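S.K.: What shape does this take:
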Amino acid sequence: MDEHTVYSAVVRSRPPYPIVINTTIDTFGEVSSGELPELISGIRSDTIADWIARNQEPVVLPQNLSFEKGYEVIPQSELEPLARYYFFTRVGFSKDGQQAFLRFYFACPLCGEGAFYLLEKKEGVWEIVHESEKWKT
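M.R.: Purely as a prediction, here's the structure:
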């Protein structure tokens, strides 16, 4: 599947910072409580199931992800103190490959924000169709 194009659709309008793939999916208990379908309008059960399954696997950083300049995928072990990063979970896809779901957050030394994103492929292009209420620190 095309995880990197989903990531690109989410960061498209944001400044370039390094990207870390992080498989922590239940930060606030949304998954274990079963609340995702209530929080994310239109999400399909097969998309949730794939997202959970993909994030239980170890992260192997793909060597062929191509982003615009400044968007570099790095291992979590290379995080520098006091730097700014984007964190993504692995992307879960619907069985037909037309829906994608992930958790995204931005971290900096004194701030942070995050949300769940649901995307759909429309005419071959991933478009955000739902962004959960953002949390900010």
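S.K.: all helices for the chain, in order.
M.R.: 3-11, 36-39, 45-54 (DSSP state H).
S.K.: In the second one, which residues are buried?
M.R.: Neighbour counts over helix 36-39 (16 or more other C-beta atoms under 10 Å) mark Leu36 as buried. (Glycine included, C-beta is placed from N, CA and C.)
S.K.: tilt between the lengthiest strand in the chain and helix 45-54?
M.R.: Across the chain, the longest stretch assigned as strand under DSSP state E is strand 111-122. Between strand 111-122 and helix 45-54, the angle comes out at 130 degrees (axes from the mean of the first three to the mean of the last three C-alpha atoms, to 10 degrees).
S.K.: C-alpha coordinates for strand 111-122, PDB please?
M.R.: Presented in PDB, the C-alpha positions along strand 111-122 are these (Å, rounded to 0.1, in the frame of the first residue of the first chain):
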ATOM      1  CA  CYS A 111       4.300  22.400  22.600                       C
ATOM      2  CA  GLY A 112       2.500  19.600  20.800                       C
ATOM      3  CA  GLU A 113      -0.700  18.700  19.000                       C
ATOM      4  CA  GLY A 114      -2.200  15.600  17.500                       C
ATOM      5  CA  ALA A 115      -5.200  14.100  15.900                       C
ATOM      6  CA  PHE A 116      -6.600  11.100  14.100                       C
ATOM      7  CA  TYR A 117      -6.900  11.400  10.300                       C
ATOM      8  CA  LEU A 118      -9.200   9.500   8.000                       C
ATOM      9  CA  LEU A 119      -8.500   9.800   4.300                       C
ATOM     10  CA  GLU A 120     -10.200   8.500   1.200                       C
ATOM     11  CA  LYS A 121      -8.700   8.000  -2.200                       C
ATOM     12  CA  LYS A 122     -10.600  10.100  -4.700                       C
END
